[in-house]
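Chemist: The following comprises the amino acid sequence and a computationally predicted model.
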Amino acid sequence: MKKYIFLLATALFTSCSSDYLNTTPTSTTSPNTLYSTTDNAKVAINGLAKLMIKQYQSQGFNGEGTIKMYYGNYSGKYFYKDLPGWANTQNFMWVNSNSASYTNYPWHYYYMLIGNANPLIEQIDNAAGTEAERQFIKAQALTYRAYAYTQLCQFYGQRWKDSDNGSQPALVLRVNSGKEPLPLSPLADIYTQIYTDLNEAIQLFESSKMEREKNNFYEPNINVAYATYARAALNKEDFTSASKYAQLARKDFPLMSNDDYRSGFNTPNSEWIWGCYNAPDETLYYYSFHSYMGYNSTAGAVRNTPGCISRVLYNKIPDTDLRKELFLNPGKDYIPINNGELSKDAEKYPQDVALNKEYRELFPELQKNAKLYKYMQFKFKVTEQPGVGNLNNFRSAEMYLIEAESLHKLGKDTEAQKLMNELIQPRDPEYKCTTTGKELFEEIKLYRFIELWGEGFDWFDLKRWGDSRVRNTFKDIKKKENQKEQISDDLYDQFPSTLAKTIAPDQNNNWTYVTPIKETDYNPEIK
């Protein structure tokens with residue numbers, strides 16, 4: 001990964017001017033030189049991978065990890081960090097603010113990827129090298145662009161069912177390296193371009209007959225193109241395509257072993273289709289994804305406020321499912337002290353003191369000064385301090401879930417059941433999928449939350465389905481009980497009142513981020 005350094009120093013670092021969110025590549029190296037050979041273009045592809053783990057705007061914004069943490073996890077239904085001061089972020093109150101950094105960041109980041117993929121796509125056909133190399137590199141650049149637009153659609157496009165068949169304006173469609181102002185294109189046009197890019201990428205991957213090097217999991221290959229296609233098609237409710245490409249994407253990427261599942265989600269294994277590279281020489285220190293998540297991290301963001309699963313979701317995981325082992329089980333007696341933090345008062349709360357001792361013995365890599373919370377996670381851990389660890393973007397489990405959901409929507413419940421059994425039984429040998437219809441759909445959704453917990457899907461899935469983000473606080477539940485209202489135990493949760501908000505699909509601008517002012521100030525074509 002040291003080969004990143006040349007590219008970032010000479011080509012893909014964007015300027016500090018106000019030009020178009022700094023997303024177009026500027027360099028002391030002429031583009032004609034940079035893309036003149038396939039060897040140089042390979043370095044440019046590595047640079048695109050580097051952009052996915054680079055720090056932007058401020059310390060907290062760092063490539064793909066920020067998308068997963070701040071947006072997918074923090075704003076979701078079943079992820080908890082004891083950060084009441086982050087209420088505006090966790091309740092996604094910034095969606096209507098065109099000047100907020102949280103509104104700007106996804107736009108800035110993904111258009112940076114697009115702005116650096118475009119010249120590669122335009123110029124690689126003339127690069128010196130073999131035809132196979134040119135085809136493979138172009139396919140990779142097209143896949144990057146399609147992935148970036150797929151992600152942008154989830155933020156700035158309305159959910160497909162509310163978009164009037166994609167007629168609502170959503171994004172600027174930039175498919176060349178020009179800087180000319182352009183209007184917002186309809187969501188349907190963006191998806192058409194995504195499909196066009198991926199169809200061409202797949203054809204080029206096939207005709208090149210090339211494959212990424214064995215350990216280069218951070219580079220796109222044909223399976224990454226298939227996976228991007230599956231995710232985009234699912235969001236577009238094109239269930240036929242989603243099912244087809246999800247199956248193709250997971251081919252040759254068998255589900256990880258149970259030992260791998262317990263190993264910390266920081267190192268590529270059999271089912272990692274695509275990820276982001278991270279190592280001590282390429283670290284973001286205290287601002288990487290794992291510095292916010294890895295249970296053994298020295299970072300204050302973990303030691304003081306570890307990531308936790310919500311009690312509601314935890315209780316829905318069967319006791320026979322190994323995934324339940326990856327969270328601190330407080331037992332049946334739920335007494336929320338300090339919003340879930342284990343008390344050190346042995347006289348009043350001996351159970352908390354016992355749990356602290358038990359889990360420090362089970363997970364000896366915990367920092368001595370780390371606070372333990374009920375339902376805290378042990379799914380993610382760092383390989384080196386404070387936050388080193390590779391990051392997964394696509395894995396086969398997601399593809400199983402996409403395919404199962406799509407087959408159900410296509411009326412093929414028996415096939416969907418078979419897939420659910422293939423996915424879940426290795427983790428829970430007593431699981432058997434027998435539901436159909438609406439109950440099957442709810443089961444697929446539940447296991448999507450369980451399987452992908454903490455990986456940055458929660459908020460995006462809720463938006464796509466048009467489901468409310470429901471969170472409860474223990475005190476509010478108790479108040480209702482005192483008023484003689486019967487409350488199910490399933491609703492008791494550990495969120496503090498500022499974070500325990502129910503947000504309906506038609507609230508907060510239908511969960512759709514507005515176009516950032518840094519784009520509209522530059523681009524007079526957006527009215």
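Modeler: Thanks, I have the structure now. From a predicted model like this one, the values you see are computed outputs, not experimental measurements. Residues are numbered from 1 along each chain as shown.
Chemist: how much space is there between residue 293 and residue 411?
Modeler: The spacing between residue 293 and residue 411, counted by C-beta to C-beta, to the nearest Å, is 38 Å. Every residue, glycine included, has its C-beta placed from N, CA and C.
Chemist: ok, now residue 156?
Modeler: When C-beta to C-beta is the yardstick, residue 156 and residue 411 sit 32 Å from each other.
Chemist: Now residue 363. Nearest residue, chain neighbours left out?
Modeler: For residue 363, the nearest residue in space outside its immediate sequence neighbours is residue 378; the separation is 5.7 Å by C-beta to C-beta, 6 or more residues apart in numbering.
Chemist: coming back round to it: please identify which of residue 156 and residue 411 sits among more neighbours.
Modeler: Taking neighbours as other C-beta atoms under 10 Å, residue 156 and residue 411 compare with residue 156 leading, 25 against 11.
Chemist: The stretch 251-400 of the chain: strands as residue ranges?
Modeler: If you assign secondary structure with DSSP state E, counting those that start in this stretch, the strands in the stretch 251-400 of the chain sit at 272-276, 308-309, 391-395.
Chemist: right, and residue 245 touches residue 230 too?
Modeler: Yes. With contact defined as C-beta atoms under 8 Å, residue 245 and residue 230 form a contacting pair (4.1 Å).
Chemist: Show me where the stretch 1-150 of the chain has its strands.
Modeler: Using DSSP E, counting those that start in this stretch, strands in the stretch 1-150 of the chain cover 55-56, 61-62, 79-80.
Chemist: highest average neighbour count across those strands?
Modeler: Burial of the strands of the stretch 1-150 of the chain is given as mean neighbour count (mean count of other C-beta atoms under 10 Å); strand 79-80 ranks first at a mean of 28.
Chemist: helices or strands up against that strand?
Modeler: Strand 79-80 makes packing contacts with strand 308-309 when contacts are defined by 3 or more C-beta pairs under 8 Å, 6 or more residues apart in numbering; DSSP states H and E.
Chemist: and the strand it packs on, average pLDDT?
Modeler: Throughout strand 308-309, pLDDT has a mean value of 97.
Chemist: returning to that earlier point: between the strands of the stretch 1-150 of the chain, which gets nearest to residue 388?
Modeler: Nearest to residue 388 among the strands of the stretch 1-150 of the chain is strand 61-62 (13.2 Å), distances taken as C-beta to C-beta.
Chemist: what pairs with the closest one, and is each one parallel or antiparallel?
Modeler: For strand 61-62, the paired strands and their directions (DSSP bridges) are strand 55-56 (antiparallel).
Chemist: ok, back up a step: how deep is the residue nearest to residue 363 tucked in, by neighbour count?
Modeler: For residue 378, the number of neighbouring residues by other C-beta under 10 Å comes to 21.
Chemist: Ok, residue 524 next?
Modeler: As a burial measure, residue 524 scores 9 neighbours (other C-beta under 10 Å).
Chemist: name the element it belongs to?
Modeler: When secondary structure is defined by DSSP states H and E, residue 524 falls outside every helix and strand.
Chemist: Hmm, it is touching residue 181, no?
Modeler: Yes. Under the contact definition of C-beta under 8 Å, residue 524 touches residue 181, with a separation of 5.5 Å.
Chemist: and for these two, which residues touch both?
Modeler: Residues touching both residue 524 and residue 181 do not exist when contact is defined as C-beta atoms under 8 Å, 6 or more residues apart in numbering.
Chemist: Tell me who's in contact with residue 81.
Modeler: Applying C-beta under 8 Å, 6+ apart as the definition, the contact partners of residue 81 turn out to be 74, 305-308.
Chemist: Mind putting those into CSV with neighbour count and distance to residue 196?
Modeler: Compiled in CSV, the contacts of residue 81 are given as follows (neighbours: other C-beta atoms under 10 Å; distance: C-beta to C-beta, whole Å):
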residue, neighbour count, distance to residue 196
74, 23, 34
305, 19, 44
306, 27, 43
307, 27, 38
308, 24, 42
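Chemist: ok, which pair from the residues you listed is furthest apart?
Modeler: In terms of C-beta to C-beta, these reach their longest pairwise distance at 74 and 306, which sit 13.8 Å apart.
Chemist: helices and strands around the helix ranked longest in the chain, which ones?
Modeler: With secondary structure taken from DSSP state H, the chain has its longest helix at helix 131-156. In terms of contacts (3+ C-beta pairs under 8 Å, 6+ apart), helix 131-156 is packed against helix 38-51, helix 101-123, strand 169-172, helix 187-208, helix 222-235, helix 458-465.
Chemist: between it and helix 222-235, how big is the angle?
Modeler: Regarding helix 131-156 and helix 222-235, their directions subtend 30 degrees when assessed with axes from the mean of the first three to the mean of the last three C-alpha atoms, to 10 degrees.
Chemist: Please point out which parts of helix 131-156 sit buried.
Modeler: Going by neighbour count (16 or more other C-beta atoms under 10 Å), the buried part of helix 131-156 is 133-156.
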